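**Q** Next come a sequence and a model predicted from it.
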Amino acid sequence: MNNPAAAATADSAPVRERPPASVYGPVAWARTNLFNGIFSSIVTLVFGAAILWAVYGFIQWGIINAVWWVPTTAAGTLDPTSCRAVHGVGACWAAIHDKWRFILFGRYPYDQQWRAGICIALFLALFYVSADRRFWNKWLAVIWTVTLIAIGVLMWGGVFGLDYVPQDEWGGLPITLILSTFGLAFAFPLSVLVALGRRSTTLPAVKILCVTYVELIRGVPLVALLFMANVMLPLFLPEGVNFDKLIRAQVAIILFAAAYLAEVVRGGLAALPKGQAEAADALGLTYWQKTLKITLPQALRLVIPPLVNTFIGFFKDTSLVLTIGILDLLTASKTAMADPVWQGVSTEIYIMIAIIYAAFCYTMSSYSRSVERKLDSSRNR
Amino acid sequence: MSGSTIDPRLANARAAPKRGMQLSWADPVFRSIIWQTLIVGLIAALLWYLVANTSRNLQVRHIATGLGFLSNTAGIPIAETMIPYDPATSTWGRAIIEGILNTFKVAFAGVILATILGTIIGIGRLSKNWLVAKITAVYVETLRDIPLLLQLLFWYGILQGLPGPREFKGSTSPIFLTNRGLRIPSFGWEDAHSWALLAFVVGLIGTALWNRSANRKQDTTGIKPAVWPVAVGLMIGLPVLVWAALGAPFVVEYPALKGFNIVGGSTITPEYFALLLGLVLYTASYIAEIVRSGIQAVPKGQWEAAAALGLHPGSVLKLIVLPQAMRVIIPPMTSQFLNLTKNSSLAVAIGFQDIVSISGTMLNQTGQAIEGVGIIMLTFLAFSLSISLFMNWYNARIALVER
């Protein structure tokens, strides 16, 4: 009692033991997360073995047995003998080495392909800028208009000393990006109008029109719409007027996208508290003032994640233009596979374009998730 | 004068002012009528213009409109038929029906398999086993990010790259997976099997009735009579008895290599196999996310409260969590089923003859573009409506009844 401090130090000498291995450390982690019970252990072992086997197989096929380049023959053509020799046991990456420009740019004139390359870069920059909150105002519309016109000029040419390249020579990744991005740019304003029409209380006839349009389009697969655009659009138009196949497909994609986007926008408008519109009415704002300044901006912010997800869907769905023979990324790679020199090389090319598609989609979906988290955290503050 | 009646002198002042529509821009009713007339008129004019153009174009091309062509001979071969079809004599109408049946065949099997696989993967993502959770997450992320058409072409390419039937010389395996499709043993179906199936259905109904009375007994006495012995007896015992009484026929035809091809058994063509595989794997990745978020949407307190009541873990899932999760799961699941059905139209890219593919061929050969597209649209609208109706009925049945 006389000196508690001294007694305490004598009693509890500082213990510098390591934490028990059964609670911390990799072994304990494995026991709780991988071998927690008999069933869990069996599952871990089976799946682990399957993964190791798959990875081993892929390394064998894709790296060890793979052919990375092939020699050129005296005639100046590539000699695929070594690729044919490893068919089935090793990858033929030499085919991609030879064909990547065709897959990316299609039949675009070889010495002009830098223009298509710049277009891809412009698209990427456009997406990057659109993702930035600072540009979510009227400038975004200006940026989109300018960029899309610039892309049109670059692809077509015919001005500023650029050679004219007709549409049927376009191909590859630019086509995929054009169909999806131009599709979004035109479908989005249309979808906002349709969504407003569908929510209208004073214009019942317009509401019926919008509901019919949305439900009809959403009930039919895109393949059928593309088909329709391809065979029926020429019938609809007066004789002598005809559009290029690419524009016909673009029209189908715009009409298709607008119906789906309209539902997303409508969801945002419905989710907005009613008080916002009522307050605007009480202030004496007109319908368009109320819509453009109060409800629409808030509703659109709310639906950015589902908008991005819908866009990812269109981006993937543009590959369906294969069915009407437009040379997009997928069709270009199918065409590349048909090259008699690279007979039997398909998995390698499929892997390459799958990586391209997945890179775009994964980036967009992780962006959409991050926006969703931000919106959630600001809502639950 | 009683107090309840309103002073007649005030009645006019209390009623809303009655006012006729004024022909002025300031009147909202007038404005709305003008706007609607304008918009509907514009769209009607556009439609009229298109119809006029179309009829002129059809006249120029000498294409007669109407459905009369459906009774003409089709003359196209159809690889997979569910009803008797002969290219030389069968009509376009019959070809179209084959197409609808083929679409149904893919969509029906696809919906069921994708639901099973998607549910397993969705639950796997919530697994406490780290490896299972990671593998299923990678599965979902990868398959969602690659276009379905690419996946279909990939699977179809792999199936076509398989060795031909010749390479299986001397094989005694009951299953053959060759570049001509999957050959599986077929089952000789006889009358006895139909009767056994009928007995099974009777047993199923009997079990359901017994289960209902058992539940009622539980409600009144608190003790639930055992259900499983009755279920086994009625659903397995009864059909086996019927089958045995009719002579217990059991014939299985195994596929075997004869000459250059495999004969016997039944075939799943590479086209159907690739289409089904691609659709199921792709849609399952979406269904997995729906199932996962549905289960996660059930508050943790529900699990804990159920455990505190002493419920068995299986009962917690069955009685507490799933009924609540289902409310969240069913509506997006419906739209995935619709997507799968619509995506089955990608069959046209790998040569499976579904309704889009057959209508497309018809459209090219007969020039009946409007009728062909109309048939496609009607078919898919019918499919979509039936799926929606069924799912809405199911949703209403399982919805939690709130006060």
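**A** Ah, there it is. Residues are numbered from 1 along each chain as shown, chains lettered A, B, ... in the order given.

**Q** who's in contact with A:Ile247?
**A** A:Gln167 (Cβ atoms under 8 Å, 6 or more residues apart in numbering or on different chains). Bear in mind the C-beta positions are built from the backbone N, C-alpha and C, glycine included.

**Q** mind redoing it with 10 Å?
**A** For A:Ile247, the contact set (Cβ atoms under 10 Å, 6 or more residues apart in numbering or on different chains) comprises A:167, A:182, A:229, A:233.

**Q** Could I get these in TSV, plus columns for neighbour count, pLDDT and secondary structure?
**A** Formatted as TSV, the contacts of A:Ile247 follow (neighbours: other Cβ atoms under 10 Å in any protein chain shown; pLDDT from 0 to 100; DSSP: H, G, I helix; E, B strand; the rest coil):
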residue	neighbour count	pLDDT	secondary structure
A:Gln167	16	77	helix
A:Phe182	17	89	helix
A:Ala229	25	84	helix
A:Leu233	18	79	helix
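
**Q** JSON lines please, covering those and showing distance to chain B.
**A** Putting these into JSON lines (distance: Cβ to the nearest Cβ, whole Å) gives the following:
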{"residue": "A:Gln167", "distance to chain B": "22"}
{"residue": "A:Phe182", "distance to chain B": "18"}
{"residue": "A:Ala229", "distance to chain B": "10"}
{"residue": "A:Leu233", "distance to chain B": "10"}
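
**Q** Need the max-distance pair from those residues.
**A** A:Phe182 and A:Leu233 (17.0 Å; Cβ to Cβ).

**Q** so which helix or strand takes in A:Cys210?
**A** Assigned by DSSP states H and E, A:Cys210 belongs to helix A:204-218.

**Q** And chain B, what are its domain boundaries?
**A** B:92-188+B:251-398, B:190-246 (automatic domain parsing).

**Q** returning to what we had before: pipe the contacts of A:Ile247 into JSON lines and attach distance to A:Leu300 per row.
**A** Listed next are those as JSON lines, based on distance: Cβ to Cβ, whole Å:
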{"residue": "A:Gln167", "distance to A:Leu300": "32"}
{"residue": "A:Phe182", "distance to A:Leu300": "20"}
{"residue": "A:Ala229", "distance to A:Leu300": "28"}
{"residue": "A:Leu233", "distance to A:Leu300": "31"}
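
**Q** Any idea which helix or strand in chain A has the lowest mean pLDDT?
**A** Across the helices and strands of chain A, the lowest-confidence element by mean pLDDT, DSSP states H and E is helix A:4-11, at a mean of 51.

**Q** Quick check: buried residues in whichever helix or strand comes after that helix?
**A** Sequence order places helix A:25-33 as the next helix or strand after helix A:4-11, per DSSP H and E. For helix A:25-33, burial by neighbour count (16 or more other Cβ atoms under 10 Å in any protein chain shown) applies to A:Asn33.

**Q** Show the average pLDDT along helix A:25-33.
**A** For helix A:25-33, mean pLDDT rounds to 78.

**Q** and if you look at stretch B:349-366?
**A** 85.

**Q** Show me which parts of it are buried, residue by residue.
**A** Using 16+ other Cβ under 10 Å as the test for burial, stretch B:349-366 gives B:349-350, B:352-363, B:366.

**Q** Now B:Thr81. Nearest residue, chain neighbours left out?
**A** B:Glu98 (5.6 Å; Cβ to Cβ, 6 or more residues apart in numbering or on different chains).

**Q** on that earlier part again, now cross-check the buried residues of stretch B:349-366 against chain A and list the overlap.
**A** B:349, B:354-357, B:359-360, B:363 (Cβ under 10 Å from any Cβ of the partner chain).

**Q** if I pick A:Leu34, what's in contact with it?
**A** Applying Cβ under 10 Å, 6+ apart to A:Leu34 gives the contacts A:40-41, A:43-45, A:47-48, B:128-132.

**Q** and B:Trp25, what element?
**A** Applying DSSP H and E, one finds B:Trp25 in no helix or strand.

**Q** Ramachandran angles for the nearest residue to it once chain neighbours are set aside?
**A** For B:Trp25, ignoring the flanking residues on the chain, the nearest one in space by Cβ to Cβ, 6+ apart is B:Arg31 at 6.3 Å. Main-chain dihedrals, B:Arg31, degrees, to the nearest 10: phi -60, psi -50.

**Q** Share the number of residues neighbouring B:Arg31, please.
**A** Other residues within reach of B:Arg31, judged by other Cβ atoms under 10 Å in any protein chain shown, total 15.

**Q** cool, and B:Gly278?
**A** B:Gly278 has 25 nearby residues by other Cβ under 10 Å.

**Q** How much space separates it from chain A?
**A** Distance of B:Gly278 to chain A, computed by Cβ to the nearest Cβ, to the nearest Å: 12 Å.

**Q** Could you pull up the residues touching that residue?
**A** B:110, B:143, B:148-156, B:343, B:346-347, B:350.

**Q** Which of those fall in strands?
**A** Counting by DSSP state E, those place none of their members in strands.

**Q** between those, which is closest to B:Ile83?
**A** The closest of those, once distances to B:Ile83 are taken by Cβ to Cβ, is B:Ala347, at 18.4 Å.

**Q** Let me see the contact set for the nearest residue to that closest one once chain neighbours are set aside.
**A** Spatial nearest neighbour of B:Ala347, excluding adjacent residues (Cβ to Cβ, 6+ apart): B:Asp354 at 4.2 Å. The neighbours of B:Asp354, taking Cβ under 10 Å, 6+ apart as the test, are A:223, B:80, B:98-107, B:271-272, B:275, B:344-348, B:360, B:376, B:379.

**Q** and the contacts of A:Leu34, which are buried?
**A** Looks like the contacts of A:Leu34 have A:40, A:43-44, A:47, B:129-132 buried, using 16+ other Cβ under 10 Å.
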